[in-house]
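[1] After the sequence you'll find the predicted model.
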Amino acid sequence: MTGGTTSDILERLRALRAGDAPTHGGRVLSYVYDSGLEELDELADAAARLARPLNGLDPTVFPSISAMERDVIAFTRRMLHGSRSVVGSVTSGGTESCLLAVKTARDLWREAHPGGGRPRLLTASTVHAAFQKAAHLFDLDWEPVPAGIDGAVRAQDLIDRMDDDVALVVVSAPAYPSGALDPVSAVAGAAADRGLSCHVDSCFGGFVLPWWPDLPAWDFRVRGVTSISADLHKFGYAPKGVSVLLHRGRRRHRAQFFATTRWAGYPVVNPTLLGSRSASPLAAGWAITQHLGSDGYAELVGSIRRIAVAVRAAVDGIPGLTVMGDPVGPAIALVADASAPHAARVDPHRLADELAGYGWKIQHQPGLVQSDGVRIPHSAHLTLTPVLEQRVGEFTDALRAASDAVRGRPQADARMLLAGMRVLGYGEGGRVPGPKAAWRLLRLAGAGSVSVDQPMSVLMALIEALPHPVAEALLTELLARLSEPR
């Protein structure tokens, strides 16, 4: 087999990229974070290229890594009002930061409770799914506390479930699904009174909320907050993947590390889950924070605030559509207005499908029936980035037109597919389909492939209606098939 030429390989990559949703321009309101400043992309690319050969495994060999990490941690610590006792690490992304926050709290809990059994991870039901993963990987019982239909959780509902077996309480600033700012001060204070750890997950909004006006304290100013995560590859505008995890106190931070001299090779000391680590995302994040500084971030947050005001004003003028709860920061979730007659409602998933035809991508979120029976309604998530300010009028016009086009159409109906799955016995007695059966069911549901413009409302309705293990098996199969060699 002969290798391709450089030009041929890059041309093939460009052809592959042509099928992707656009990462710049603000037309994809999830997953990507566009500042609208071309110089930031150029700076990030140049810094990442300079650091490309480095290996973060051993900063004693590559001291530039420690220098950049010190600067990033110092910037984030100031941003989050941490004292000199607040220390931390740069990680590969929000999921790793969340995993490490849980792992650290679990290890400290085990030290304090030898032979204490299996600890609990206490969160709102709206917490990021990374914490479910952490509970699964690190052997904790995850206890999600129900939120209201507005996506907000009551402080007392979390406080009432605090006990000695809780290794970590997690609150969000803000919660991704709804944009709600959890009651950090009340929850963290109650956790401190009981000697419990409390983590603030600000992976999504950590580089926005410090400059958002009129918010209650939610960061290290709050008594009882023991750790905070904030992602540089979101509203820090660095390329994927780079995040910061800060701890209050060196002892807590050191519990995050893995170190061993018990093998025949070099001593291994890992502050994060990874061993070898690319320094390119760190270098890009470092360069951007150095360039923007606090004033630069404040200016970009001002842009996001103006977009949020404009989008909420537009939604207020669309019959049958409303904003879930009272979000703060860069997230807005759209839901059907339950106070309107059914014939006048705008289903958010139908809306998301329709908007794709106008060149805009917003994110489908299935409804969630919680342990108390309260259903958080299915919604459409919008991540607001500064670049959208340049065309917010175009977006709100499309939002109105798409709403008019789908008004009165109910949520997609997956009952026939659901009935077929029940006939086959899936969901009964915990039975879930294996790979072959899952793929056959997906194809029957019309979801045998995923493309940028494929309608998702039927698949979302099916996911919401199925037992969680069955839905998860189908989604696993769908994503696994996408990367299987043909």
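    Structure's in. What do you need?

[2] Ala333 reaches Leu321, doesn't it?
    No. Applying Cβ atoms under 8 Å as the test, Ala333 and Leu321 come out as separate, 11.3 Å apart. Placement of C-beta: from N, CA and C, glycine included.

[3] Can you give me the distance of Ala134 to Ala101?
    Separation of Ala134 from Ala101 (Cβ to Cβ, to the nearest Å): 8 Å.

[4] And for Pro469?
    Using Cβ to Cβ, Pro469 is found at 27 Å from Ala101.

[5] Got phi/psi on Glu299?
    Per-residue torsions, Glu299: phi -60, psi -40 (degrees, to the nearest 10).

[6] likewise His381?
    Dihedral angles (degrees, to the nearest 10) for His381: phi -90, psi 140.

[7] wouldn't it be in contact with Ser30 here?
    Yes. Using Cβ under 8 Å, His381 is in contact with Ser30, at 6.1 Å.

[8] So for the two, which sits in the more crowded spot?
    The residue with more neighbours, out of His381 and Ser30, is His381; 21 against 18, by other Cβ atoms under 10 Å.

[9] Tell me who's in contact with Val200.
    Counting by Cβ atoms under 8 Å, 6 or more residues apart in numbering, Val200 makes contact with 170-173, 184, 188, 218-219, 225, 227-229.

[10] can you list these in a markdown table and add neighbour count and distance to Ala21?
    Putting the contacts of Val200 into a markdown table (neighbours: other Cβ atoms under 10 Å; distance: Cβ to Cβ, whole Å) gives the following:
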| residue | neighbour count | distance to Ala21 |
| --- | --- | --- |
| Val170 | 28 | 30 |
| Val171 | 30 | 31 |
| Ser172 | 28 | 26 |
| Ala173 | 27 | 28 |
| Val184 | 25 | 34 |
| Ala188 | 26 | 38 |
| Trp218 | 27 | 32 |
| Asp219 | 22 | 33 |
| Val225 | 30 | 36 |
| Ser227 | 28 | 33 |
| Ile228 | 33 | 31 |
| Ser229 | 31 | 26 |
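
[11] Nearest to Gly4 among the residues you listed?
    Taking Cβ to Cβ as the measure, Ser229 is the one of these closest to Gly4, at 40.9 Å.

[12] Setting the sequence-adjacent residues aside, check what's closest to the closest one.
    Closest residue to Ser229 apart from its sequence neighbours, by Cβ to Cβ, 6 or more residues apart in numbering: Ser97 at 3.7 Å.

[13] and whatever helix or strand the one you found lives in, what other elements does it pack with?
    In this structure, Ser97 is located in helix 94-112 according to DSSP states H and E. For helix 94-112, the packing partners by 3 or more Cβ pairs under 8 Å, 6 or more residues apart in numbering; DSSP states H and E come out as strand 86-91, helix 130-138, strand 166-172, strand 197-201, strand 227-231, strand 243-248, helix 250-254.

[14] quick one: strands adjacent to the fourth one?
    Read it as strand 197-201. strand 166-172 (parallel), strand 227-231 (parallel) (DSSP bridges).

[15] And those: which comes nearest Gly425?
    Going by Cβ to Cβ, the one of the strands paired with strand 197-201 nearest Gly425 is strand 166-172, 36.4 Å.

[16] centre of the chain versus the closest one, how much separation?
    Mean-position distance between strand 166-172 and its chain equals 17 Å (Cα atoms, centre = their mean, to the nearest Å).

[17] One more: stretch 107-121?
    The answer for stretch 107-121 is 27 Å, by Cα atoms, centre = their mean.

[18] circling back: make a markdown table out of the helices and strands packed on helix 94-112 and add mean pLDDT and distance to Leu417.
    Converted to a markdown table, the helices and strands packed on helix 94-112 look like this (pLDDT from 0 to 100; distance: least, Cβ to Cβ, whole Å):
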| stretch | mean pLDDT | distance to Leu417 |
| --- | --- | --- |
| strand 86-91 | 97 | 40 |
| helix 130-138 | 97 | 26 |
| strand 166-172 | 98 | 33 |
| strand 197-201 | 98 | 34 |
| strand 227-231 | 98 | 36 |
| strand 243-248 | 98 | 38 |
| helix 250-254 | 96 | 48 |
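
[19] and for His381 and Ser30, which residues touch both?
    Between them, His381 and Ser30 share the contacting residues 362-363, judged by Cβ under 8 Å, 6+ apart.

[20] could you point out which element follows the one helix or strand in the chain whose mean pLDDT sits lowest?
    Least confident element among the helices and strands of the chain, by mean pLDDT, DSSP states H and E: helix 415-423 (a mean of 72). Note on helix 415-423: by DSSP H and E, the next helix or strand toward the C-terminus is helix 435-444.

[21] what sits up against that next one?
    So helix 435-444 is contacted by 417, 420-421, 424, 426, 433, 448, 473-474, 476-478, 480-481 (Cβ under 8 Å, 6+ apart).

[22] Stretch 153-165 spans what distance, first to last residue?
    Distance between the boundary residues of stretch 153-165 (Cα to Cα, to the nearest Å) amounts to 21 Å.

[23] Pull the residues that contact it.
    Stretch 153-165 has contacts (Cβ under 8 Å, 6+ apart) with 113, 116-120, 122, 124-126, 143, 145-148, 169, 171, 180, 182-183, 186-187, 190-191, 194, 196.

[24] Buried residues of stretch 410-428, list them for me.
    411-412, 414, 417-418, 421, 426-427 (16 or more other Cβ atoms under 10 Å).

[25] ditto for stretch 85-101
    Buried residues in stretch 85-101, counted by 16+ other Cβ under 10 Å: 86-101.

[26] Straight-line length of it, end to end?
    Per Cα to Cα, stretch 85-101 runs 17 Å from first to last residue.

[27] go on, stretch 160-171?
    End-to-end for stretch 160-171, by Cα to Cα: 15 Å.

[28] Please point out which parts of it sit buried.
    Per 16+ other Cβ under 10 Å, stretch 160-171 contains these buried residues: 162, 165-171.

[29] could the contacts of helix 435-444 go into JSON lines alongside distance to Trp439?
    Converted to JSON lines, the contacts of helix 435-444 look like this (distance: Cβ to Cβ, whole Å):
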{"residue": "Leu417", "distance to Trp439": "14"}
{"residue": "Gly420", "distance to Trp439": "15"}
{"residue": "Met421", "distance to Trp439": "14"}
{"residue": "Leu424", "distance to Trp439": "14"}
{"residue": "Tyr426", "distance to Trp439": "13"}
{"residue": "Pro433", "distance to Trp439": "9"}
{"residue": "Gly448", "distance to Trp439": "7"}
{"residue": "Ala473", "distance to Trp439": "10"}
{"residue": "Leu474", "distance to Trp439": "9"}
{"residue": "Thr476", "distance to Trp439": "11"}
{"residue": "Glu477", "distance to Trp439": "5"}
{"residue": "Leu478", "distance to Trp439": "8"}
{"residue": "Ala480", "distance to Trp439": "9"}
{"residue": "Arg481", "distance to Trp439": "6"}
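
[30] Between all of those residues, which two are separated the most?
    Greatest spacing in the contacts of helix 435-444, by Cβ to Cβ: Gly420 and Ala480 (22.2 Å).

[31] Okay, now the unreliable bits of this protein?
    For the chain, the stretches flagged by pLDDT under 70 are 1-2, 416, 428, 445-454.
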